[in-house]
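>>> sequence unavailable; structure follows:
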């Protein structure tokens, strides 16, 4: 037995032609879909079942009763042990209960304010569709009363009150009211939308932690919708902000607007350029674009007047300005 090299003779075969080899298939990464915004929208739009609502209602009642009884026993026990200290603790508990009642009243006032905006918007829609001069003047008068205490709209109120009597057409009067009162509010609301889109895009692109983008999308969108409602005079509280957020997200999910992200960033990324970008950066673009779409929908919901022809802000324009602010030299410190 030898340990030398072994020669294995093969049959004569023609060597394969390299040119005839099959091309290597290209592996394309899945296109960014804005998963964080889709998850946030599904969480907000999902309606709990009746059994779930009853369960949490009973749990809340049980916990309220348990906490109340525990607080009462604690206060009476302190009074029995030390009269002065016990009454001091009772006073603290009463003050906390009073603050809780004030918070509840504030939430109810915020919900009533939002309901007033909804009613004004419904009447404005009717006046716009009917082209009745009397209804249009009623809407203008109600708008002047609604924004009576806003110092930032003082010039617009004075201009509208001065020129409204000179307008004899219902559509022209509604356009005048929109131009004088809604223009500064629209600009402030668009700045809030751009800031929220920029924040969501940055967190998605730069923070690789799991669920961090979902949490950022939820908090940023709720804060954005609350600020938009305050800009238009809604003054929503915590419950009102969540109600508005659910209403906006339910509408977007029902129309399928949240699932479509590529059309929003096509004008920004330029066709297939997203395939050349990183996955996280592409997701940030889509999430920021979807946040801008949510912001425009929130403006439509919170605005007391419907958008006139050509006055609805462009989602692509909002995203462009938001990304320009994100990568500008002033913010990057270059």
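Structure received. Quick caveat: nothing in here was measured; it's all calculated off a predicted structure. Residues are numbered from 1 along each chain as shown.
>>> elements contacting whichever helix or strand residue 103 is part of?
Assigned by DSSP states H and E, residue 103 belongs to helix 83-130. For helix 83-130, the packing partners by 3 or more Cβ pairs under 8 Å, 6 or more residues apart in numbering; DSSP states H and E come out as helix 50-81, helix 133-146, helix 170-177, helix 238-255. Just so you know, the C-beta spots here come from the backbone N, C-alpha and C atoms, and that holds for glycine as well.
>>> C-terminal to the third one, what's the next element?
Which is helix 170-177. Later in the chain than helix 170-177, the nearest helix or strand by DSSP H and E is helix 183-206.
>>> report the mean per-residue pLDDT for that next one.
Model confidence over helix 183-206, given as mean pLDDT, is 87.
>>> what's the answer for stretch 149-168, then?
Throughout stretch 149-168, pLDDT has a mean value of 84.
>>> who touches that stretch?
Identification of contacts with stretch 149-168 by Cβ atoms under 8 Å, 6 or more residues apart in numbering yields 133, 137, 140, 143-144, 147-148, 173, 176-177, 180-181, 183-185, 233.
>>> go with 10 Å
For stretch 149-168, the external contacting residues (Cβ atoms under 10 Å, 6 or more residues apart in numbering) are 133, 136-137, 140-141, 143-144, 146-148, 172-185, 188, 231, 233.
>>> what's the separation between the most centrally placed residue in the chain and residue 56?
Against the mean C-alpha coordinate of the chain, by Cα atoms, centre = their mean, the closest residue is residue 221 at 2.9 Å. To residue 56, residue 221 is 23 Å away according to Cβ to Cβ, to the nearest Å.
>>> what's the helix or strand for the residue nearest to the centre of the chain?
Using DSSP H and E, residue 221 falls in helix 212-231.
>>> for residue 300, give me its contacts.
121, 248, 251, 306, 307, 312.
>>> repeat that with 7 Å
Each residue near residue 300 by Cβ atoms under 7 Å, 6 or more residues apart in numbering is listed here: residue 307.
>>> for the protein, which residues score under the pLDDT cut-off?
The chain contains residues with pLDDT under 70 at 1-48, 210, 236-237, 251-280, 325-334.
>>> follow-up on the earlier one: contacts only, for the residue nearest to the centre of the chain.
Counting by Cβ under 7 Å, 6+ apart, residue 221 has contacts 40, 196, 245, 291, 294.
>>> just residue 175 next, same as before
residue 308.
>>> thinking again about what came up before, quick check: angle from the helix holding residue 221 to helix 183-206?
If you take axes from the mean of the first three to the mean of the last three Cα atoms, to 10 degrees, helix 212-231 sits at 170 degrees to helix 183-206.
>>> give me the nearest residue to residue 194, chain neighbours excluded.
Closest residue to residue 194 apart from its sequence neighbours, by Cβ to Cβ, 6 or more residues apart in numbering: residue 322 at 4.1 Å.
>>> how about residue 293?
residue 315 (5.1 Å).
>>> and residue 77, by the same measure?
residue 86 (7.7 Å).
>>> how many other residues sit next to that neighbour?
For residue 86, the count of nearby residues is 17 (other Cβ atoms under 10 Å).
>>> residue 171 now?
15.
>>> correct me, but it touches residue 131?
Yes - using Cβ atoms under 7 Å, residue 171 is in contact with residue 131, at 6.2 Å.
>>> if I look at the residue nearest to the centre of the chain, how far off is residue 163?
38 Å.
>>> ditto for residue 191
Counting by Cβ to Cβ, the gap from residue 191 to residue 163 is 27 Å.
>>> the two: which is more packed in?
residue 191 (16 against 12).
>>> sorry, back to before: any buried residues in the helix holding residue 221, and which?
213-214, 216-218, 220-231 (16 or more other Cβ atoms under 10 Å).
>>> same question, stretch 61-78
Residues of stretch 61-78 classed as buried by neighbour count (16+ other Cβ under 10 Å): 75, 78.
>>> report the distance from it to the chain centre.
39 Å (Cα atoms, centre = their mean, to the nearest Å).
>>> what's in contact with that stretch?
By Cβ under 7 Å, 6+ apart, stretch 61-78 touches 85, 86, 89, 90, 93.
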